[in-house]
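**Q** Sequence and predicted model, in that order:
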Amino acid sequence: MLFEKCILIAIISLLCIVVEAQWNTKDFMKREHSLVKPYYGSGLDIPFWQFTGNTIVTPNYIRLVDDTQSRSGAIWNTLPVSSHNWDLQVHFKVHGKGKDLFGDGFAIWYAKNHSIAGPVFGSVDFFQGLAIILDTYSNHNGPHNHQHPYISAMINNGSLSYDHDRDGTHTQLAGCEAKFRNLNYDTHISIRYEKDTLTVSTDIENKAAWKECFKVQGVRLPTGYHIGISATTGDLSDNHDIMSVRLFELDLPEENEGAEDRSHIVPSASYFEAPRDHVEDPKPSNLSGIKIFLLMLLGSIAIVACIVIGIMFYQKQQEKSRKRFY
Ligand SMILES: *[C@@H]1O[C@H](CO)[C@@H](O)[C@H](O)[C@H]1NC(C)=O
Ligand SMILES: *[C@@H]1O[C@H](CO)[C@@H](O)[C@H](O)[C@H]1NC(C)=O
Ligand SMILES: [Ca+2]
């Protein structure tokens, strides 16, 4: 039937757009700061990565903690990052038996010290650097101003403590709700630090496109810190799995000439963004203008045709039913 064909065309046009809206992989991936399958090359060590606590490595994922109470685990990149600007992309999966009760979540770090266990999602408190916290359990007893799971950012120069009782809300730069748990498709997060702007985006809706969670300007981070990911379970539990970690260097060679030496600055954030609605902001795709135009044209034609045929179909039906009545 024509009507169904129309819908098919519209769906195919949409699929074309979705498939083309992939990540920008032109940026340079730093192999020594990344962790991708197969995790073990040859030998028993993974170069530049350290595993602590209850972390286990399987051929397909790295499980920081399993769905058991009172676990703690972490992975740390032992080589300090020298790039000023970077994009850290993590493919993760948080899942477990719990329907309503589960926890606690995990944290992605860019920190001075590495491989030290502690109370902040398996890593040390009073840290120096950046923490992106993917908190699945709400410890907050009072009325909530957001739902969990919740993603937030914290910058610390070693003087601040992460307060679990308030889910870190009084030290966070920004945050957003993100339903990333128990999904049967891939879930990703991107932490982009470029020109003192921190942008956190997620790909958790099976769209293969980034959606902005928050963006904060005026964030100053030194070079030479370490990437890490840690997780804990307490009374509540979940499996916290990492499939891959990819660090893309965003530095342009010409910009690095005479750039500020960032190796000794203290982490700081000058600007706290006002709360606002988080609207869909898909990552720019690699589609050329003409291709977008053609796809949109095709899509519009399909939609218009569908509407016209739908109306004709509806009118025919109306006529039929009228005939039946009179
Ligand atoms: C970081 O490491 C240094 C040297 O090992 C140590 O003195 C310091 O206490 C550590 N800081 C934290 C927050 O653990
Ligand atoms: C560290 O951060 C605290 C709180 O944001 C601030 O009061 C303090 O001045 C900072 N210290 C340094 C050395 O930047
Ligand atoms: Ca919490």
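**A** All right, it came through fine. Ligands and ions are numbered 1, 2, ... in the order given.
**Q** so which strand or helix has the residue lying closest to residue 191 once chain neighbours are set aside?
**A** Excluding its sequence neighbours, the residue lying closest to residue 191 (Cβ to Cβ, 6 or more residues apart in numbering) is residue 88, at 4.5 Å. Heads up, the C-betas are built off the backbone N, CA and C, glycines and all. Per DSSP states H and E, residue 88 falls inside strand 86-95.
**Q** Could you do residue 310 as well?
**A** Using DSSP H and E, residue 310 falls within helix 289-325.
**Q** ok, now which ones touch the residue nearest to residue 191?
**A** 108, 110, 190-193, 227, 245-248 (Cβ atoms under 8 Å, 6 or more residues apart in numbering).
**Q** So the residue of the stretch 151-300 of the chain found nearest ligand 3 versus ligand 1, what's the distance?
**A** Nearest residue of the stretch 151-300 of the chain to ligand 3: residue 167, at 4.4 Å (Cβ to the ion). Remark: distance between residue 167 and ligand 1 (Cβ to the nearest ligand atom, to the nearest Å) = 21 Å.
**Q** mind checking how far the closest residue to ligand 2 within the stretch 101-250 of the chain is from residue 131?
**A** Residue of the stretch 101-250 of the chain nearest ligand 2, by Cβ to the nearest ligand atom: residue 157 (3.7 Å). As defined by Cβ to Cβ, to the nearest Å, residue 157 lies at a distance of 13 Å from residue 131.
**Q** Please identify which of the two sits among more neighbours.
**A** Neighbour tally, residue 157 and residue 131, criterion other Cβ atoms under 10 Å: the higher count belongs to residue 131, 24 against 15.
**Q** List the contacts of the residue of the stretch 201-326 of the chain found nearest ligand 1.
**A** As assessed by Cβ to the nearest ligand atom, ligand 1 sits closest to residue 226 within the stretch 201-326 of the chain, at 11.0 Å. Shown in contact with residue 226 (Cβ under 8 Å, 6+ apart): 76-81, 109-114.
**Q** near ligand 3 too, which of those residues?
**A** Restricting the contacts of residue 226 to those within reach of ligand 3 (Cβ under 5 Å from the ion) leaves nothing.
**Q** If you rank those by neighbours, which is first?
**A** In terms of neighbours by other Cβ under 10 Å, the contacts of residue 226 top out with residue 109 at 28 neighbours.
**Q** how close does it sit to ligand 1?
**A** Distance of residue 109 to ligand 1, given as Cβ to the nearest ligand atom: 12 Å.
**Q** any idea of the mean pLDDT for stretch 118-129?
**A** Averaging pLDDT along stretch 118-129 gives 98.
**Q** right, I mislabeled it, should have said stretch 68-83
**A** Throughout stretch 68-83, pLDDT has a mean value of 98.
**Q** Stretch 206-220 now?
**A** The model assigns stretch 206-220 a mean pLDDT of 97.
**Q** ok, that stretch near ligand 2 or not?
**A** No: taking Cβ under 6 Å from any ligand atom as the criterion, stretch 206-220 and ligand 2 are apart, separated by no less than 9.9 Å.
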